[in-house]
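**Student:** Sequence plus predicted model, see below.
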Amino acid sequence: MAYQLDHVVLWVADPVRSAEFYRDVLGLEPLRLAEYRRGEAPFVSVRITPATIVDLTPRRSAPGLDAALGAPGSAGHPVNHLCLAMDAEEYEALRARLAAGGHPVGPDQADLYGARGLAPRSCYFRDPDGNVIEARHYAG
C-alpha cells in the first residue's frame with residue numbers, strides 16, 4: 001500500500017495566533033487565514049509539504065465533532081507531538097528564530113528514530129497552545 005499523510009489536526013485556542021506562530025517562527029504558509037477571519041472557514045491550516053497540511057482547529061469545535069462522530073468525549077484529545085524534518089541549515093535557523101522570539105527550546109538530542117531512520121539532531125518546543133513540536137534534521 002502507498003499511503004501518504006494528508007493532514008494532522010491540532011486543537012488550538014486561537015487559530016489566527018497559532019497560524020501566525022507557525023508562519024513567523026516555522027516559516028509555514030497559512031491557508032484559509034483570511035477566510036477564517038471573515039467567518040467563512042471553520043479552521044486555519046498551514047502547509048507542511050505540497051501534499052500535507054496541519055489544521056489549526058479551535059478547541060470550541062470539539063463538541064460538534066463529538067456529535068458528528070457519534071462518540072461523545074472522543075474529540076479534542078491532545079497529540080503527543082508533531083515532528084517536522086528539515087535540513088541542517090534550516091534547523092539552525094529555526095533554533096535562532098525560537099531563541100529570538102523567547103520561545104523555550106529543549107536541548108539537542110541525538111539519534112532519535114523517525115521516518116528516515118536516526119536523526120543526528122532533534123529538539124522539542126511548544127506552540128502557543130502548548131502543542132509539542134519536534135524539529136529534526138537527518139544526515140546527508
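**Tutor:** In hand now; what should we look at?

**Student:** Next secondary structure after the helix or strand of the chain with the lowest mean pLDDT?
**Tutor:** Ranked by mean pLDDT, DSSP states H and E, the helix or strand of the chain with the weakest confidence is helix 62-69, at a mean of 72. Proceeding N to C from helix 62-69, the next assigned helix or strand is strand 82-86, under DSSP states H and E.

**Student:** how about that next one: buried residues?
**Tutor:** Going by neighbour count (16 or more other C-beta atoms under 10 Å), the buried part of strand 82-86 is 83-86. Any C-beta I mention is one placed from the backbone N, CA and C, and that applies to glycine too.

**Student:** And the helices in the protein?
**Tutor:** Applying DSSP state H to the chain gives helices spanning 15-24, 33-37, 62-69, 88-100.

**Student:** Give the rounded mean pLDDT of stretch 72-91.
**Tutor:** Here stretch 72-91 scores 84 as its mean pLDDT.

**Student:** Going by neighbour count, list what's buried in that stretch.
**Tutor:** With burial defined by 16+ other C-beta under 10 Å, the residues of stretch 72-91 counted as buried are 75, 83-86, 91.

**Student:** Which of those residues sits closest to residue 13?
**Tutor:** Nearest to residue 13 among those: residue 75, at 15.3 Å, using C-beta to C-beta.

**Student:** Surely that closest one and residue 60 touch.
**Tutor:** No - Residue 75 is beyond contact range of residue 60, at 11.0 Å (criterion: C-beta atoms under 8 Å).

**Student:** Next up, the contacts around residue 107.
**Tutor:** By C-beta atoms under 8 Å, 6 or more residues apart in numbering, residue 107 lies in contact with residue 123.

**Student:** What's the separation between it and residue 122?
**Tutor:** 10 Å (C-beta to C-beta, to the nearest Å).
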